[in-house]
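*Asks:* from the sequence below, what's the structure:
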Amino acid sequence: MPSILAYDLGASSGRALLGRLNNRTIEVEEIHRFGNDPVAIGDRLQWDILRLYHDIKQGLLKAKHAGETPSSLAIDSWAVDFGFIGRNGELLGNPYHYRDRHTDGVMERTMARLTPERIFGRTGIQFLPFNTIYQLAALKEADSPLLEQGRHFLMIPDLLRYFLTGEMFGEFSNASTTQLYNPILGGWDADLLGDIGVSPALFGTVVQPGTRVGQTRASLTEELGIGTIPVYAVAEHDTGAAVAAVPALERDFAYLSCGTWSLMGTEVDRPVMGELAQELNFTNEGGVNGTFRLLKNIMGLWILQETRRTWENAGMSYGFPELVALAEQAPAFGSFIDPDDPMFLHPGDMPSRIASYCANSGQRAPQTPGETVRCILESLALKYRYVLELTERLSGKSFSGLHMVGGGIQNALLCQWSANAIGKPVWAGPVEGSALGNLVVQWIAQGELKDIWEARRVIRESFPVTEYEPRDGAAWEAAYGKFRALAGLS
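*Replies:* Sure thing, here's the model as predicted:
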């Protein structure tokens, strides 16, 4: 069976996976997994982009050593971050990490100058302090030489594709996350770029998912001893890829892409950009087949990951399954946090921040690791209910349950508590959401699958989906009221 290659890059790790389509059954084989650790240098937090490219090449070598010749490849990654290519065609500096503090206060200053109505009315994108528009505004405020010397702006997947092919293209789903893409005009918003003092000439062509955007360059194929491989742009924002892989059989469905970030929403044909969408701070990000993902970002399992890292630095080593078991044994509903409070955005001592949040809101702070993890997971589940209700209100749809995809669904306790919190079934699966979305868009582009709905049916037939029915309704209803009051959620 011919194979294709998907690179799925997350904020903490990346993977190379071979996909095969065998009589309407998808087979996936992970051939390379690698870390993606940001690097702190002085006051800056940056991505090690050349190490990522090295590992992409390692994926090609491992495919070769396995006797595979992929018929195509594609990359998906996290959103908003970028690099600049200079006039000599080389990368200028390491891309900044979206959690770097150089954007502190920039969103507020930019909104005061341009007004939220102007920014949202032209982009339909949620206000988050690390959005690309504020990263670029921060560079402008700092008089960064990148803006003077740069000739081409490329987001992370665009940049890695450029290394592979020598071709420069943007991609719709990822470009739409920047808060600089105008979905009504169907391209970069030159007026907004001018407002922040950045030249529109830096921004090139944006293509739709499923577009062939080049092939591996001759120097790379010679270096690795491989044949030429066509390269596609898929839904290159990993959430866009994950939504493409939601195994929904109904047209109106709600999804939660669960990992370092939690992203919840629904799929719509046109962006929802009215006053209510702005008031609720929802976002309209590009999807497959010209659709939009009406969704809201939730801080997600980052809080748990950073909590575990803090404990490890203190000499207390816990595996995630052990932490989940400790949480299940801890008393229920002891304390709550709002996962989206800004105090949880940056790296640092997360257990202390959780304790401070609880003290400041008049709650008893968690005393044990189990209580801390239970606080995080219950708070996430309750925030999911809040955002699901907002999604129904804004979209005018009523959802019979929630589709959860991504690595976070391996936490069965979080899935069950999410069902308990929303009072509806949760359908969890597949785990490899982003990678599968990457693969199926390649197959659609090659004519192996008819469209995204056939792809979703094939995914449903190929991978198990676990159903979680809600339990303990009265207790979770009472907890939800307490959570909303403590978090100040109207």
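
*Asks:* now do the contacts for residue 293.
*Replies:* 239-240, 243, 263, 265-268, 283-287 (Cβ atoms under 8 Å, 6 or more residues apart in numbering). (Glycine included, C-beta is placed from N, CA and C.)

*Asks:* rerun at 10 Å
*Replies:* Contacts for residue 293 were tallied using Cβ atoms under 10 Å, 6 or more residues apart in numbering; they are 173, 176-177, 235, 237, 239-240, 242-244, 255, 257, 263, 265-268, 271, 283-287.

*Asks:* what do you get for residue 2?
*Replies:* So residue 2 contacts 19-21, 68-72, 446, 448 (Cβ under 10 Å, 6+ apart).

*Asks:* kindly recompute the last result at 8 Å.
*Replies:* Residue 2 touches 20, 71, counting by Cβ under 8 Å, 6+ apart.

*Asks:* next one: residue 82
*Replies:* Here residue 82 is in contact with 95, 132, 135, 153-156, 159 (Cβ under 8 Å, 6+ apart).

*Asks:* pick out the most distant pair among those residues.
*Replies:* Using Cβ to Cβ, the pair of these lying farthest apart is 135 and 159, separated by 14.5 Å.

*Asks:* sorry, back to before: from the contacts of residue 82, which ones fall inside helices?
*Replies:* Using DSSP state H, 132, 135, 156, 159 are the members of these that sit in helices.

*Asks:* show me which of the residues you listed are buried.
*Replies:* Neighbour counting with 16 or more other Cβ atoms under 10 Å marks 132, 135, 156, 159 as buried within the ones in helices among the contacts of residue 82.

*Asks:* mind listing the strands for the stretch 201-350 of the chain?
*Replies:* For the stretch 201-350 of the chain, the strands defined by DSSP state E, counting those that start in this stretch cover 206-207, 211-215, 230-233, 254-258, 262-268, 283-286, 292-298.

*Asks:* helices along the stretch 151-300 of the chain, start to end?
*Replies:* Secondary structure of the stretch 151-300 of the chain (DSSP state H, counting those that start in this stretch): helices at 156-165, 172-175, 190-195, 218-224, 238-244, 275-280.

*Asks:* for residue 318, which of those is the nearest?
*Replies:* helix 238-244 (26.4 Å).

*Asks:* return the set of buried residues in the closest one.
*Replies:* Quick answer for helix 238-244 (16+ other Cβ under 10 Å): 238-244.

*Asks:* cool, stretch 452-470 as well?
*Replies:* Those would be 452, 455-460, 462-463, 465, 468, 470, for stretch 452-470 by 16+ other Cβ under 10 Å.

*Asks:* between the two ends of it, how far is it?
*Replies:* One end of stretch 452-470 sits 30 Å from the other (Cα to Cα, to the nearest Å).

*Asks:* ok, now stretch 355-365?
*Replies:* 5 Å.

*Asks:* what mean pLDDT does that stretch get?
*Replies:* For stretch 355-365, the mean per-residue pLDDT is 97.

*Asks:* return the member of the buried residues of helix 238-244 nearest to residue 388.
*Replies:* For the buried residues of helix 238-244, the nearest to residue 388 is residue 243 (15.3 Å; Cβ to Cβ).

*Asks:* I appreciate the help and will end here.
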